[in-house]
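J.: got a sequence here, can you model it:
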Amino acid sequence: MEFIIFLVIIAALVFWGVAIYNKLVALKNRYENGFAQIEVQLKRRYDLIPNLVETAKGYMSHERDTLEAVINARNQAMAGLQAAAANPGSADAIKELASAEGVLGGALGRLNVVMEAYPDLKANANMMQLTEELTTTENKVSFARQAYNDQITAYNTYKQTFPPVIFASMFGHALDAELLEFEDSAEIQAAPQVSFN
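T.: The predicted model follows:
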């Protein structure tokens with residue numbers, strides 16, 4: 001009789017451990033899927049940027065440095081995305097992506113400021129369409145990033161609670177996953193200055 005009770009207790013502990021393992025895997029898969037959604041939107045954004053620069057080139061021949069800075073920042077952000085996509089749970093890769101996105105956001109902000117000096121460029125149908133698509137994509141990136149960060153928070157919270165905290169490192173879930181937070185550049189955040197002089 002004692003042996004049967006012992007077996008029941010062991011079986012209950014095994015099922016409990018399996019349940020914790022399965023939940024950790026499910027939460028990890030959710031945040032990896034969340035990152036995949038961000039990746040799709042960022043790739044779309046990166047694909048739009050060369051078209052935006054090419055359209056602007058015809059009007060902004062004196063702004064070559066600004067246009068090159070946008071392309072260089074895009075390439076850096078693409079490299080950061082590839083590194084983060086290979087391991088969305090890596091804190092270093094996520095920080096590198098966030099930093100690269102901050103640089104790209106700053107470069108795009110400077111491009112927008114420079115474009116203000118070219119009314120013909122702003123009125124160009126292609127430029128208006130590209131700008132609208134880029135804005136829509138930015139919104140989608142923001143929503144996908146919010147969903148990803150919610151999934152990361154759920155994963156980290158579950159992993160840090162008792163009893164999963166006991167088993168997390170044994171099951172290969174030792175490190176916390178990193179939130180993806182983009183640094184907004186001063187150019188993007190700055191309010192437009194209006195003067196009636």
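
J.: okay, helices next: where are they in the chain?
T.: Remark: helices assigned in the chain by DSSP state H are 2-57, 64-86, 91-115, 119-123, 125-160, 164-168, 186-189.

J.: and those helices, which is most packed in?
T.: Stretch with highest mean neighbour count among the helices of the chain: helix 91-115 (a mean of 19; mean count of other CB atoms under 10 Å). (Glycine included, C-beta is placed from N, CA and C.)

J.: and it with helix 64-86, angle?
T.: If you take axes from the mean of the first three to the mean of the last three CA atoms, to 10 degrees, helix 91-115 sits at 150 degrees to helix 64-86.

J.: and helix 91-115, what does it pack onto?
T.: Packing partners of helix 91-115 (3 or more CB pairs under 8 Å, 6 or more residues apart in numbering; DSSP states H and E): helix 2-57, helix 64-86, helix 186-189.

J.: so which of these is nearest residue 168?
T.: With CB to CB as the measure, helix 2-57 is the member of these nearest residue 168 (6.4 Å).

J.: can you pull the poorly scored residue ranges out of the chain?
T.: For the chain, the stretches with pLDDT under 70 are 184-197.

J.: apply 80 and report the result again.
T.: The model of the chain has pLDDT under 80 over residues 61-62, 122, 183-197.

J.: of the helices and strands packed on helix 91-115, which is nearest residue 124?
T.: Nearest to residue 124, of the helices and strands packed on helix 91-115 and by CB to CB, is helix 2-57 at 6.5 Å.

J.: helices or strands up against that closest one?
T.: helix 64-86, helix 91-115, helix 125-160, helix 164-168.

J.: by how many degrees do the second one and helix 125-160 diverge?
T.: What it means is helix 91-115. 160 degrees.

J.: as CSV, the helices and strands packed on helix 2-57 with distance to residue 44 would be great.
T.: As requested, the helices and strands packed on helix 2-57 are exported to CSV (distance: least, CB to CB, whole Å):
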stretch, distance to residue 44
helix 64-86, 12
helix 91-115, 14
helix 125-160, 5
helix 164-168, 35
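
J.: quick one: which of those is nearest residue 12?
T.: For residue 12, the closest of the helices and strands packed on helix 2-57 is helix 164-168, at 14.8 Å, according to CB to CB.

J.: and the end-to-end length of stretch 79-96?
T.: Start-to-end span of stretch 79-96 (CA to CA, to the nearest Å) is 9 Å.

J.: how much space separates residue 153 from residue 25?
T.: As for residue 153, its distance to residue 25 is 17 Å (criterion: CB to CB, to the nearest Å).

J.: whoops, I mixed them up, residue 164
T.: In terms of CB to CB, residue 164 sits 12 Å off from residue 25.

J.: then residue 36?
T.: If you go by CB to CB, the gap between residue 36 and residue 25 works out to 16 Å.

J.: residue 13 now?
T.: Residue 13 is 19 Å from residue 25, by CB to CB.
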